[in-house]
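Asker: below is the sequence, then the predicted model.
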Amino acid sequence: MDGEKVASISIRAEVGRLVLVYRIRSNGSDWEEVEEPIPLTETDCPYGGTRPWFRCPAVRNGRYCGRRVGKLFLGQKYFVCRHCLGLAYTSQSEEPMHRHNRRANKIRTALGGEPGTASMPPPKPKGMHWRTYWRKIDAIDTADAAGDMAFANWVYRRFPGAKLDDL
């Protein structure tokens, strides 16, 4: 905004927690300094080591959330988990046909192919077992078929009485 400082945050590490220090202002009010401690926890990993997690510091309806999460989001004033903010994942509001197509395209591109329905499956990547390759090809076919079925249901819901010849 033309060189104007609009945000800044600093992090201080302490035993068992991070402390976020930031300034915030809402609806044009004065800047407010916030110092928010975020509890940390960790879990053991299967092959050694540990994985750190945040504990959601939110208090909703008089109850501490404390949910173990990997990401926190800035709400009105504090950083909290997606559950406390009521945030949904993109796929939760996606039409089923798009969700199935996205899944098929994700597998297709992981195999080195191009997204989109293609008549030829992508080639087997070097070093991949044939069994793994065919399992992934089956997953692409399953997702494509489910996407086609979801598309047909979508068409029939929006155009009741439509026949394939009409399309």
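Answerer: Thanks, I have the structure now. Numbering: from 1, shown residues only.
Asker: paired strands for the worst-scoring helix or strand of the chain on mean pLDDT, with orientation please.
Answerer: One helix or strand of the chain scores below all others by mean pLDDT, DSSP states H and E: strand 59-60, with a mean of 86. The strands beside strand 59-60 in its sheet (DSSP bridges) come out as strand 63-64 (antiparallel).
Asker: gap between whatever helix or strand comes next after the partner strand and the chain center?
Answerer: Per DSSP states H and E, strand 63-64 leads on to strand 68-69 as the next helix or strand towards the C-terminus. For strand 68-69, the separation from the chain centroid amounts to 14 Å (computed by C-alpha atoms, centre = their mean, to the nearest Å).
Asker: need the contact partners of strand 68-69.
Answerer: 41, 43, 53-56, 81-82 (C-beta atoms under 8 Å, 6 or more residues apart in numbering). For the C-beta atoms, the positions are set from N, CA and C on the backbone; glycine is no exception.
Asker: please repeat the previous calculation with a cut-off of 7 Å.
Answerer: 41, 53-56, 81 (C-beta atoms under 7 Å, 6 or more residues apart in numbering).
Asker: got it, and stretch 77-87?
Answerer: Outside stretch 77-87, the residues touching it (C-beta under 7 Å, 6+ apart) are 20, 24, 34, 36, 38, 56-58, 60, 65, 67, 69, 72-73, 75.
Asker: now swap in stretch 33-44 and tell me
Answerer: 16-24, 50-55, 57, 68, 72, 77-79.
Asker: where exactly do the helices run in the chain?
Answerer: 82-85, 96-110, 130-158 (DSSP state H).
Asker: wait, which of these is closest to residue 124?
Answerer: helix 130-158 (4.4 Å; C-beta to C-beta).
Asker: packing partners for the closest one?
Answerer: helix 96-110 (3 or more C-beta pairs under 7 Å, 6 or more residues apart in numbering; DSSP states H and E).
Asker: show me what the helix it packs on packs onto, helices and strands only.
Answerer: Going by 3+ C-beta pairs under 7 Å, 6+ apart, helix 96-110 lies up against helix 130-158.
Asker: lovely, talk soon.
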